[in-house]
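K.L.:
for reference, the sequence and a predicted model appear below.
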Amino acid sequence: MKKLIVLSSLIVMGCHLDSAPTGPIFPPIINDGISMGAKSMSTVITSTSQTITTGMLTVTLAVTPGAMYSLQLTNIQGDVINNEGFTATTTTITKTINYSAIANGAYDLHLMDTSGVVSKVPVIIQR
């Protein structure tokens, strides 16, 4: 009886495996209804008000109007301490960022576009 049960379960499993679709596997559908803005042609931090700051930092950026960017302050380990996203409206943008709540230390300020192009400058916060 046991042999009959094992044999019938193998036959049922074999039939089940045979009925699996064997046609072409279609790639996943990617929803491209989400706009990432215009294609970035410029991702450059052109100047900073100072390298050593007590909190306020003004940066001038050369960017592409309509493109999306992120300004990220990272510590030495690469952890993101502060992040500010924005969409460029002109080719040159000046941003003033308040880092007075950030601990003293050496950081990197990264300007990143949606395709992963990065420009960075060092920032030292010292009070």
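P.N.:
Everything's here; your move.
K.L.:
and the residue lying closest to residue 52 once chain neighbours are set aside, how far from residue 59?
P.N.:
Nearest residue to residue 52 in three dimensions, chain neighbours excluded: residue 124, at 4.5 Å (C-beta to C-beta, 6 or more residues apart in numbering). (Each C-beta comes from the backbone N, C-alpha and C, glycine too.) Applying C-beta to C-beta, to the nearest Å, the value for residue 124 to residue 59 is 14 Å.
K.L.:
the two: who's more crowded?
P.N.:
residue 59 (19 against 12; other C-beta atoms under 10 Å).
K.L.:
just the C-alphas of the helix or strand encompassing that one, formatted as CSV.
P.N.:
Residue 59 is part of strand 56-62, with elements assigned from DSSP states H and E. C-alpha atoms of strand 56-62 as CSV (Å, rounded to 0.1, in the frame of the first residue of the first chain):
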residue,chain,number,x,y,z
MET,A,56,26.1,78.2,7.7
LEU,A,57,27.5,77.1,4.4
THR,A,58,26.7,78.7,1.0
VAL,A,59,27.4,76.6,-2.1
THR,A,60,27.2,77.6,-5.8
LEU,A,61,26.2,74.8,-8.1
ALA,A,62,26.3,74.5,-11.9
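K.L.:
beyond the least confident helix or strand in the chain by mean pLDDT, next helix or strand please.
P.N.:
The weakest-scoring helix or strand in the chain, judged by mean pLDDT, DSSP states H and E, is helix 2-18 (a mean of 53). Using DSSP H and E, the helix or strand that follows helix 2-18 in sequence is strand 44-48.
K.L.:
counting by contacts, list what that following strand packs against.
P.N.:
With contacts taken as 3 or more C-beta pairs under 8 Å, 6 or more residues apart in numbering; DSSP states H and E, strand 44-48 sits against strand 56-62, strand 105-113, strand 118-125.
K.L.:
buried set for that strand?
P.N.:
Residues of strand 44-48 classed as buried: 45-46, 48 (neighbour count, 16 or more other C-beta atoms under 10 Å).
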